[in-house]
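K.L.:
My questions are about this predicted structure, shown below with the sequence.
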Amino acid sequence: MSIESPQLAHAGGIADHIHPEPQGFVRRYVFSIDHKIIGIQYIITAFVFFIMGGLLAETIRTQLLNANGGFVSPGTYNEVYSIHGSTMIWLFIIPILTGGFGNLIFPLQIGARDVAFPWLNMISFWIFPVAGLMLFSSFLMGAPTAGWTEYPPVSLQGAAGTSMWAAAIFLVGVSSTMAGLNFIVTILKMRAPGMTFTRMPLFCWAQFATAPLLMVATTALAAALAALFMERQFGVPFFDPTKGGSPVLWQHMFWFYSHPAVYITILPAFGIISEVLPTFARKPIFGYKLIAFSSMAIALAGFMVWAHHMFTSGLAPYLQLPFMILTFVIGIPTGIKIFSWTATLWGGKIHLTTAMLFAIGFIATFLCGGITGIFLAAVPYDLDVHGTYFVVAHFHYVMVGGSLMGVFAGMYYWFPKMSGRLLNETLGKWHFWLFFIGFNGTFMPMHWLGVEGMPRWVATYDPQFQFWNRFESISSYVMGISILLFFVNVIWSARAGKKSGPNPWGGRTLEWMIPSPPNYYNFKHIPTVFGLPYDFSHPLPYKGLDDELTDTPPVTASSHY
Amino acid sequence: MAVASIAHGIAPEGEPDQLYAETRDLRLQGFLLFLISDCVLFSSFIFAYLYLRNSGQGWPPPGIPRLDVGFAAWNSVLLFGSGATMHYALENWKHGNFMKYMWMLIFTIILGLGFLGGQGYEYTHLMLVEHVTWAGSGVFGASFFTLTGMHGMHVFFGVCYLTVLLLQSAAGTYTKQKYFGITAGTLYWHFVDVIWVVLFSIFYLI
């Protein structure tokens, strides 16, 4: 840890400016411009959509208990999996990891009083529930049936709800774009004095890598959705081959967004894991710079691999090889992260709290998902298993075993900072073990079914697959029960959980230096940063935090320097 | 306050306060990022257009006449000229020449409206005489009207914004130090210009 003299903040600038505290319930908790309240709003709303998407998932699994289905009609089944996928990706994982944890935590970690554009932040939150309701309202007019990817020509022939789907996802995209823009400016311009890029906590690095993806990739998707909407509503031909359009064009435009989108969903989870592991291993994170830069490398490379989803769509053979190799290349920075995390655990004094269990579980399951990703990137193997349950297994190992486990780790880790109370550890451990068992029981057999050729997106299946499908469905109920336990835990602990105090875990990033929940102005005066937050044997690398836990009022002059 | 000195043009010298300076930097960066994401929106449609153009048999597709390059070129001159006048508007503001600034802004708005009028004429001609429409002329109509229409909407919003700027400037909203709105308007107008350079090249020249 090198100690350099940091740049001091200029007197009278943003760092010294404290907004008056908002008064009244509506300004405080509904149309709030406080990043912490907005973050919690995002988290609650996203979990509501998570429950709805989860019920759809259990509907899918109940349908697949029997080879000939029978729980819902095949048409309804198509609607259910389409909305399940769309909900989980656009209304749960992306909003909770960026808008939710991003808003809540990273301004605290960089020592800012708020994000750069608080009003924009409020608007971008309020677009999100509206878009979510629009998405679910599509059930009333015939929901989309072509899966979350909505390939034409099926999506062109779908019921009226498909247009509603496009409009809803477009709006979520607007919300994401605004959030990404806001986050980039905040991280570039509003770090506390001395908080250089190479002293920034890794969660902030993860958000910083995610934000450009949110901004750029989502806008590309917006164009595709607008084109689909225009074609469906006004008959403007883009994708209909009978009018000279090209269905493959949609795939290009969609995947140019949606491959970076999977990095939008996983990079913040990487960030959460990078915070949880060193805290509970009581050990500096291994390879700080490698983890930080590999996030940027993943974000950059994520834009150059989209066509690996299209190996079976008639992609020119000379394009297959570069896309295959570029996809393999993404395995390198991801591998760097996995090795760094493992090395962080090595020789640490490991505290197996629930957050830590989820973080370690994340490494194991995400590794599985990553490795099957390499399988799928290989053209010959992809040609074999494309459109089978192998893809479903891979995807859920990354999204559920990766992103969702990251969300849970983050919830157990930062819940005290949101509410001032700890989540119950006993219930938490039940949650983890039931979830881990249920999750692997649900998705591990899908690999085998996929290799044997069970197609995805079909309401019935060959009777030879019945045993493993029943096994998966029952496991998915176990997973459902574990998530029920989680919600019981959250609701109970928010009211009656153990008081946590400012820093229950002995964390060293800036958010733990202030009371839980923090005051609306975050810091009484903006601290000065002298080094990395992960050097557990050194004194804390901050100055100017002496008054944070006392009753003194906030200081706006910078005389304390 | 600036309001008192409005009758004499732009308010006198002095350093802007620290809070304004820092906020302006944030807004400038945010605005540039907004322009980048807007640029991605255009790029996606441009990609779609080039993709469709190259997957059919020749361009323009059978039955579609070639676009009138000469007319569009003269129309483009209006838009590029407005970029120049907008540039001089901002420069004059920085140098405190209030009246020159106002005139340059008015010229910019007139040229922008002229461009929109030209585009309106071109659209009407295409639709009524050549019978090329948005939804009825295959991928040509789809890509041409969507992209140039999007650009036209941007010009239209730009003209509205510049009109607001004009009224605000007359009312003394901006001072010699605090004129972020004018900077943003200039950036936006140049952005719309640059997009047109690309659209003109790919629709009329190639």
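P.N.:
Great, that's in hand. In this text the structure is predicted, and so the values were computed from the model without any measurement.

K.L.:
what's the model's confidence in the host helix or strand of A:Ile474, averaged?
P.N.:
Using DSSP states H and E, A:Ile474 falls within helix A:466-496. Across helix A:466-496, pLDDT averages out at 96.

K.L.:
Look up the closest residue to A:Ala224, ignoring the ones flanking it.
P.N.:
Nearest non-adjacent residue to A:Ala224, counting by C-beta to C-beta, 6 or more residues apart in numbering or on different chains: A:Met253, 3.7 Å away. All C-beta spots, glycine's among them, are computed from the backbone N, C-alpha and C.

K.L.:
And for that neighbour, the neighbour number?
P.N.:
26 (other C-beta atoms under 10 Å in any protein chain shown).

K.L.:
Please report the distance of the residue lying farthest from the centre of chain B from chain A.
P.N.:
If you look at how far each residue of chain B sits from its centre, by C-alpha atoms, centre = their mean, the farthest one is B:Gln57, at 33.4 Å. As defined by C-beta to the nearest C-beta, to the nearest Å, B:Gln57 lies at a distance of 9 Å from chain A.

K.L.:
Same question for B:His95.
P.N.:
27 Å.

K.L.:
Which pLDDT value goes with that residue?
P.N.:
Reported pLDDT for B:His95: 93.

K.L.:
ranges for the strands of chain A?
P.N.:
A:528-529, A:542-543 (DSSP state E).

K.L.:
Contact partners for the closest residue to chain A within chain B?
P.N.:
Going by C-beta to the nearest C-beta, chain A is nearest to B:Ser44 of chain B, at 3.4 Å. By C-beta atoms under 8 Å, 6 or more residues apart in numbering or on different chains, the contact set of B:Ser44 is A:Thr219, A:Ala220, A:Ala222, A:Ala223, A:Ala224, A:Met253, A:Phe256.

K.L.:
Most neighbours out of the residues you listed, which is it?
P.N.:
A:Ala224 (29 neighbours).

K.L.:
Kindly state the pLDDT recorded for that one?
P.N.:
pLDDT, read off for A:Ala224, is 95.

K.L.:
Just confirm it contacts A:Trp250, I think it does.
P.N.:
Yes. The criterion here is C-beta atoms under 8 Å, and A:Ala224 meets it with A:Trp250 at 6.3 Å.

K.L.:
that older thread, with respect to B:Leu28, which of the strands of chain A lies nearest?
P.N.:
strand A:528-529 (25.3 Å; C-beta to C-beta).

K.L.:
can you tell me how far the residue lying closest to A:Ile123 once chain neighbours are set aside sits from B:Ala84?
P.N.:
Sequence neighbours aside, A:Met178 is the residue nearest to A:Ile123 in space, at 6.7 Å (criterion: C-beta to C-beta, 6+ apart). Distance of A:Met178 to B:Ala84, computed by C-beta to C-beta, to the nearest Å: 33 Å.

K.L.:
Please say which of these two ends up with more neighbours.
P.N.:
More crowded of A:Met178 and B:Ala84, by other C-beta under 10 Å: A:Met178, with 24 against 14.

K.L.:
So the more buried one is in contact with A:Pro118, correct?
P.N.:
No. The criterion here is C-beta under 8 Å, and A:Met178 misses it with A:Pro118 at 11.9 Å.

K.L.:
So which residues on chain A come close to chain B?
P.N.:
Contact residues, chain A versus chain B (C-beta under 8 Å from any C-beta of the partner chain): A:10-14, A:17, A:116-117, A:120, A:177, A:181-182, A:184-185, A:188-190, A:215-216, A:219-220, A:222-224, A:227, A:230-231, A:234-238, A:243-246, A:249, A:252-253, A:256.

K.L.:
out of the residues you listed, which are buried?
P.N.:
A:12-14, A:116-117, A:120, A:177, A:181-182, A:184-185, A:188-190, A:215-216, A:219-220, A:222-224, A:227, A:230-231, A:236-238, A:243-246, A:249, A:252-253, A:256 (16 or more other C-beta atoms under 10 Å in any protein chain shown).

K.L.:
thinking again about what came up before, mind listing what the residue nearest to A:Ala224 touches?
P.N.:
Going by C-beta under 8 Å, 6+ apart, A:Met253 touches A:Ala220, A:Leu221, A:Ala223, A:Ala224, A:Ala227, B:Ser44, B:Phe47, B:Ala48.

K.L.:
Just the closest of these to A:Pro517, please.
P.N.:
A:Leu221 (34.8 Å).

K.L.:
Next up, the contacts around that closest one.
P.N.:
A:Ile169, A:Gly173, A:Met253, A:Phe254, A:Phe256, A:Tyr257, A:Ser258, A:Ala261.

K.L.:
quick one: pLDDT of the fifth one?
P.N.:
If I follow you right, that is A:Phe256. So, for A:Phe256, pLDDT stands at 91.

K.L.:
just checking, it touches A:Ala220?
P.N.:
Yes. At 5.1 Å, A:Phe256 counts as touching A:Ala220 under the criterion of C-beta under 8 Å.

K.L.:
Please, which helix or strand holds the residue of chain B closest to chain A?
P.N.:
B:Ser44 belongs to helix B:18-55, assigned by DSSP H and E.

K.L.:
immediately after that helix, which helix or strand?
P.N.:
helix B:69-94.

K.L.:
buried residues in that next one?
P.N.:
Buried, per 16+ other C-beta under 10 Å, within helix B:69-94: B:72, B:75-76, B:78-79, B:81-83, B:85-90, B:92-93.

K.L.:
what about the chain, any weak spots by pLDDT?
P.N.:
In the absence of a named chain, this looks at chain A. A:1-12, A:555-561 (pLDDT under 70).

K.L.:
was after chain B, sorry
P.N.:
Across chain B, the ranges flagged by pLDDT under 70 are B:1-16.
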